[in-house]
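# Need a 3D model of the sequence below.
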Amino acid sequence: MSYLSRMEIPAGLSALRRQQARWVCAGTLAAASTLYVASPFFTLWSITSAIRSHDMGSLNTCLKWESVRSGLKNQVVDSLIGPPHADDELPEFGASFASSAVSNAIDEEVRPDRLGVLVDHLMPPAAQSGTHQGLYGMLRGVHMHFTHPGVFEASMLVPGHENETPLRLQMRIHAFQWKIHHIDLPAPRPHPLIEASAGPLPQPVTQP
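All right, here's what the predicted structure looks like:
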């Protein structure tokens with residue numbers, strides 16, 4: 001065997017190893033991407049399973065309490081106060097008083113030790129059925145999608161609140177774990193405005 005033929009073997013092995021390394025990197029990246037995309041769906045399944053089995057300890061670990069409380073305060077205050085009235089002489093005082101009252105009430109009620117009460121109030125017992133059919137019934141009406149690489153949202157119509165807006169959960173990653181960051185509770189749907197004209201009705205055109 002000549003010297004040139006002996007030199008081709010290491011070159012071929014080096015190319016093969018580089019190709020194998022590229023395949024390993026590509027496979028690792030694909031697996032990591034698949035795991036990342038699937039992870040919020042597994043978290044949502046864990047949340048519904050915890051609700052179904054009334055496992056408040058597991059459900060508690062899926063909540064970012066500070067962010068959830070802050071979002072609920074804004075939602076409740078906006079629904080109570082609404083846009084300021086033109087004839088309100090003390091709008092800032094009224095808004096401040098309502099915000100303080102809502103903040104205190106949510107701080108008192110929305111706590112980890114009262115999580116079971118909150119779930120029972122929001123979800124009727126039929127939706128918390130311990131059967132697989134009950135779990136499937138909770139998930140089949142859920143709409144899930146990414147709104148950002150690090151933000152995942154899920155919305156569903158809550159039984160007993162079909163005529164209201166869906167319950168919306170926003171999840172974000174905290175310490176390598178998806179957690180509920182924001183909750184929009186069901187609320188009355190806004191009614192479309194109907195404009196009426198006070199002008200004269202158009203007269204039909206008559207042929208001469």
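
# Please name every helix or strand in contact with the longest helix along the chain.
When the chain is parsed with DSSP state H, its longest helix is helix 3-52. Under the contact definition 3 or more Cβ pairs under 8 Å, 6 or more residues apart in numbering; DSSP states H and E, helix 3-52 sits against helix 56-60, helix 132-139, strand 143-148, strand 167-174, strand 177-184. Every residue, glycine included, has its C-beta placed from N, CA and C.

# Does anything pack onto the third one? Which helices or strands?
Okay, so that is strand 143-148. helix 3-52, strand 151-156.

# so how far is stretch 42-52 off the chain centroid?
How far stretch 42-52 lies from its chain's middle: 13 Å, per Cα atoms, centre = their mean, to the nearest Å.

# Buried residues of that stretch, list them for me.
Burial within stretch 42-52, assessed by neighbour count using 16 or more other Cβ atoms under 10 Å, is assigned to Thr43, Leu44, Ser46, Ile47, Thr48, Ala50, Ile51, Arg52.

# ok, of the residues you listed, which one's closest to Gly71?
Gly71 lies nearest to Ile47 out of the buried residues of stretch 42-52, by Cβ to Cβ, at 16.7 Å.

# Kindly list the main-chain dihedrals of the residue lying closest to the closest one once chain neighbours are set aside?
Leaving aside its sequence neighbours, Ile47 sits nearest to Cys62 (Cβ to Cβ, 6 or more residues apart in numbering; 5.3 Å). Torsion angles at Cys62 (phi, psi; degrees, to the nearest 10) stand at phi -100, psi 10.
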